[in-house]
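# Generate a structure from the sequence data that follows.
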Amino acid sequence: MAGGVFLAIALCAVSLLAGEEYISMTRAKGMNPSPRIIRSMIVAFFVLAAIPAIPGLNLSWDFTIEHLPALLTIGVCTSFFRLLFRHENPPATIADIATTVLGFIYVGWMPSHLVMLRTLIPPNMTELPLNPLQQPGLAYVWATLFIVWATDVFAYVIGKRFGKTLLYPQVSPKKTVEGAIGGLVASIFFSCLVCYVADNYLFPNHPFQFRYWQAPFMGFVLSVAAQLGDLCESLLKRDAGFKDSSSLIPGHGGMLDRGDSLIVAAPIAYYWVCLVVLGIL
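Numbering: from 1, shown residues only. Down below sits the predicted model:
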């Protein structure tokens with residue numbers, strides 16, 4: 001709700017916890033990524049994402065996107081150099097370098113797009129409204145969250161009640177085709193609902209520009225992304241021999257278990273809003 005630095009700090013803390021779970025899974029497979037680089041890069045991505053929202057700097061929303069390639073380059077090079085000179089016997093392996101880079105991309109770069117999404121503004125606006133509840137980025141984040149949550153909730157409910165055909169048993173033995181379709185349909189409905197309510201009742205700046213034709217497509221695309229994100233994390237856990245990424249949240253598992261869908265959906269939502277809704281990339 002507050003957005004800006006507050007959202008960046010909260011998500012950075014969550015991502016750091018998810019990073020520790022990721023490191024534990026890689027170590028269970030005998031790999032040894034650099035925890036310092038993963039943690040440092042997670043923080044760096046969220047700092048970069050939050051910079052345009054800091055009062056007084058007067059930086060445009062595209063400051064972050066312009067500097068992301070440089071930060072990614074620094075992260076990749078640092079991973080190589082740090083592991084090259086790590087004094088261990090045997091020395092670092094390809095797997096150590098690869099899991100280091102994957103770590104800060106997966107739990108740093110990708111979720112930081114949610115902060116970038118929160119700071120987006122339509123091209124006819126010159127700056128963010130001072131009232132955080134009227135900032136258009138809040139509508140984009142709400143739409144993304146409702147789509148992801150609708151996907152997760154209805155896929156579970158429909159799958160549990162009507163599911164018979166397994167979706168991908170080699171990776172996730174309980175997910176069903178019926179559940180996936182139920183989550184997809186629900187996400188399309190909630191995408192249309194949030195876009196309509198946001199433009200007509202909640203936000204005077206009409207964040208979705210009355211382009212309601214794109215709402216069902218947004219729901220479809222983000223729901224597919226969310227379900228693939230869930231399966232991707234299941235793949236990591238299965239390979240590492242983990243049932244849950246951790247026991248941090250009783251009854252739910254770890255931060256990766258709770259955020260796996262959003263990790264993949266967040267960057268896709270950002271680029272969808274930029275390209276389709278706002279047409280600014």
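# Can you list the neighbours in contact with stretch 41-51?
4-5, 7-9, 11-12, 15-16, 19, 57, 59, 63-64, 67-68, 71, 75, 78, 104, 107-109, 112-113, 115-116, 119 (C-beta atoms under 8 Å, 6 or more residues apart in numbering). Placement of C-beta: from N, CA and C, glycine included.
# now swap in stretch 89-97 and tell me
Contacts for stretch 89-97 (C-beta under 8 Å, 6+ apart): Met31, Asn32, Pro33, Ser34, Ser79, Phe80, Leu83, Leu84, Arg86.
# I'd like to know which of these is nearest to Leu193.
Pro33 (41.5 Å; C-beta to C-beta).
# Would you mind checking the contacts of stretch 89-97 for buried ones?
Buried subset of the contacts of stretch 89-97 (neighbour count, 16 or more other C-beta atoms under 10 Å): Met31, Asn32, Pro33, Ser34, Ser79, Leu83.
# Can you add distance to Leu128 and secondary structure and give the residues you listed back as CSV?
Shown next, in CSV, are those (distance: C-beta to C-beta, whole Å; DSSP: H, G, I helix; E, B strand; the rest coil):
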residue, distance to Leu128, secondary structure
Met31, 42, coil
Asn32, 43, coil
Pro33, 37, coil
Ser34, 36, coil
Ser79, 34, helix
Leu83, 40, helix
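# Buried residues in stretch 163-176, which are they?
Going by 16+ other C-beta under 10 Å, stretch 163-176 has these buried residues: Gly163, Leu167, Val171, Ser172, Lys175, Thr176.
# out of these, which are inside strands?
Leu167, Ser172, Lys175, Thr176 (DSSP state E).
# do you know how far the second one is from Ala155?
Relative to Ala155, Ser172 is positioned 11 Å away (criterion: C-beta to C-beta, to the nearest Å).
# which stretches of the stretch 51-200 of the chain form helices?
Ranges of helices in the stretch 51-200 of the chain, per DSSP state H, counting those that start in this stretch, are 62-84, 94-104, 113-118, 136-162, 177-197.
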